[in-house]
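K.L.:
I'll drop the sequence and a predicted model, then ask my questions.
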Amino acid sequence: MKKYLLGALALALLASSPALAENTKIKFTLDWKLQGIHGWFYLAKQKGYFADEGLDVTIDQGEGSAATVTRIISGAYDAGFGDMNAIIQTAATKPDEAPVMVYQMYVQPPFAVLAKADGPIKTVKDLEGKKVAGGAGSSATRMLPALAKSADIDLSKVEIVNVSPSIQEQMLIQGNVDASLVFNVTAYLNIIGLGMDPEKDFTFFGYGDSGLEIYSNGIMVSQKLLKEKPAAVKGLVKAINRAVMEVIADPSLGGAAVKEVEPLIKEDLEVKRLEFAIKNLMTSDESLKYGVGGVDMDRLSRSILVIKDLYDLPTTPAATAVYTDAFLPPLAERTLK
């Protein structure tokens, strides 16, 4: 571990160099199919922010937040938008291969208990004695035991109905279940698509709001890119942050950016998705203090213990092994207004 920390310090010193990468090609993978929450990446490309840093970035759609880690480990991608918790799991078993988070975007997880506003679920504790829909194998379902531990829920009293994620909202609306375990940024748009108002007709009980101290998606890079091209990593983060801050100030920019890539996308709905994500996943007392991209290292250490316990990991990765702030732009350039 000491060797790793010394290496990380050396990287930080290298990354502080004003020299930029020149024509460095970077393959970047998203976490899922194109959505409004990916607008900042395309905006950075369309407005030449990557090019300004000497980078030639190719952006591909993804297959899941955890899959970003496996794609990077395989060598097919250099960087991507994916889940911190998947990094932690990998670092516990393959520390020499696990990607490193260099820009944390979601300081709250997107997992939520979805309930009807006029239904019987008023707090997550009310799940006891109720029937709950959960996508088989989804992270929202897999994280339920950790939520139960943090919120003092007796899971033996909760009936979990394994269903396809595509019908979770319908089952709740039809009264087949009392609640659903969802990704809030997806469920929010699904509800609108069903002709209902997610703000008035439903309540989202975020796992983070219910005491589960875990992070979620951000920008991760391969250890190879970190070691061999630290200036490229710094440039990548700088370009993405530049676009992120512009989209936070004006979400319509993100909607327009994805519309340019996929003309058939419903731009107005994707702007709503972006606004929801900025408010519920990216904005918190922590992000106001540390800026977009930053983390509270003590909280990260606690979240690692949550993931270790949940997945019975063989080792406990250090917070410095899964995240580094060495490549972040100055706080003034990442501060939420």
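P.N.:
Ah, there it is.

K.L.:
Low-confidence bits of the stretch 1-150 of the chain, can you list those?
P.N.:
Residue ranges of the stretch 1-150 of the chain with pLDDT under 70: 1-22.

K.L.:
Show me where it has its helices.
P.N.:
2-15, 39-46, 49-52, 67-73, 84-93, 139-142, 144-151 (DSSP state H, counting those that start in this stretch).

K.L.:
mind putting those in a markdown table, distance to Ala231 and mean neighbour count included?
P.N.:
For the C-beta atoms, the positions are set from N, CA and C on the backbone; glycine is no exception. A markdown table is the format used below for these (distance: least, CB to CB, whole Å; neighbours: other CB atoms under 10 Å):
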| stretch | distance to Ala231 | mean neighbour count |
| --- | --- | --- |
| helix 2-15 | 7 | 13 |
| helix 39-46 | 17 | 25 |
| helix 49-52 | 13 | 19 |
| helix 67-73 | 19 | 23 |
| helix 84-93 | 22 | 24 |
| helix 139-142 | 34 | 21 |
| helix 144-151 | 38 | 20 |
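
K.L.:
So for Pro99, which of these sits nearest?
P.N.:
Between Pro99 and the helices of the stretch 1-150 of the chain, the shortest gap by CB to CB is with helix 67-73, which sits at 4.7 Å.

K.L.:
List the contacts of that closest one.
P.N.:
Residues from elsewhere that reach helix 67-73, judged by CB atoms under 8 Å, 6 or more residues apart in numbering: 29-31, 62-63, 77-83, 86-87, 90, 94, 97-99, 220-222.

K.L.:
Any chance of a PyMOL selection covering the buried ones in those?
P.N.:
A single PyMOL command selects the buried members of the contacts of helix 67-73 (16 or more other CB atoms under 10 Å):
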select buried, resi 29+30+31+62+77+78+79+80+81+82+83+86+87+90+97+98+99+220+221+222
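
K.L.:
quick one on the thing from earlier: indicate which one of the helices of the stretch 1-150 of the chain is closest to Leu236.
P.N.:
Of all the helices of the stretch 1-150 of the chain, helix 49-52 sits nearest to Leu236, with 7.4 Å by CB to CB.

K.L.:
In a markdown table: the helices of the stretch 1-150 of the chain, plus distance to Ile265.
P.N.:
Supplementary listing: the helices of the stretch 1-150 of the chain in a markdown table, determined by distance: least, CB to CB, whole Å:
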| stretch | distance to Ile265 |
| --- | --- |
| helix 2-15 | 35 |
| helix 39-46 | 10 |
| helix 49-52 | 21 |
| helix 67-73 | 21 |
| helix 84-93 | 27 |
| helix 139-142 | 24 |
| helix 144-151 | 32 |
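
K.L.:
Out of these, which gets nearest to Glu228?
P.N.:
The closest of the helices of the stretch 1-150 of the chain to Glu228 is helix 2-15. By CB to CB, the value is 10.3 Å.

K.L.:
I'd assumed Pro263 was in a strand, is it?
P.N.:
No - assigned with DSSP: H, G, I helix; E, B strand; the rest coil, Pro263 falls outside any strand and is coil.

K.L.:
Check what pLDDT it gets.
P.N.:
For Pro263, the pLDDT comes out at 97.

K.L.:
could you measure Ser252 against Thr283, distance?
P.N.:
18 Å (CB to CB, to the nearest Å).

K.L.:
Not counting its neighbours along the chain, what's nearest Asp197?
P.N.:
Distances taken as CB to CB, 6 or more residues apart in numbering put Ile191 closest to Asp197, at 7.5 Å, once the chain neighbours are dropped.

K.L.:
and the one you found, what helix or strand is that in?
P.N.:
Using DSSP states H and E, Ile191 falls within helix 184-193.

K.L.:
from what I can see Phe327 touches Val237, true?
P.N.:
Yes - using CB atoms under 8 Å, Phe327 makes contact with Val237 at a distance of 4.7 Å.

K.L.:
Mutual contacts of those two, please.
P.N.:
By the contact definition CB under 8 Å, 6+ apart, Phe327 and Val237 are jointly contacted by 102-103.

K.L.:
Run through the bridge partners of the most centrally placed residue in the chain.
P.N.:
The centre of the chain sits closest to Asn217, judged by CA atoms, centre = their mean, with a distance of 1.7 Å. Beta-bridge pairing for Asn217 (DSSP bridges): Asp83.

K.L.:
Over to Lys27?
P.N.:
Here Lys27, judged by DSSP bridges, has bridge partners Thr58.

K.L.:
list the buried ones in the lengthiest helix in the chain?
P.N.:
Criterion DSSP state H: the longest helix present in the chain is helix 230-249. Using 16+ other CB under 10 Å as the test for burial, helix 230-249 gives 230-248.
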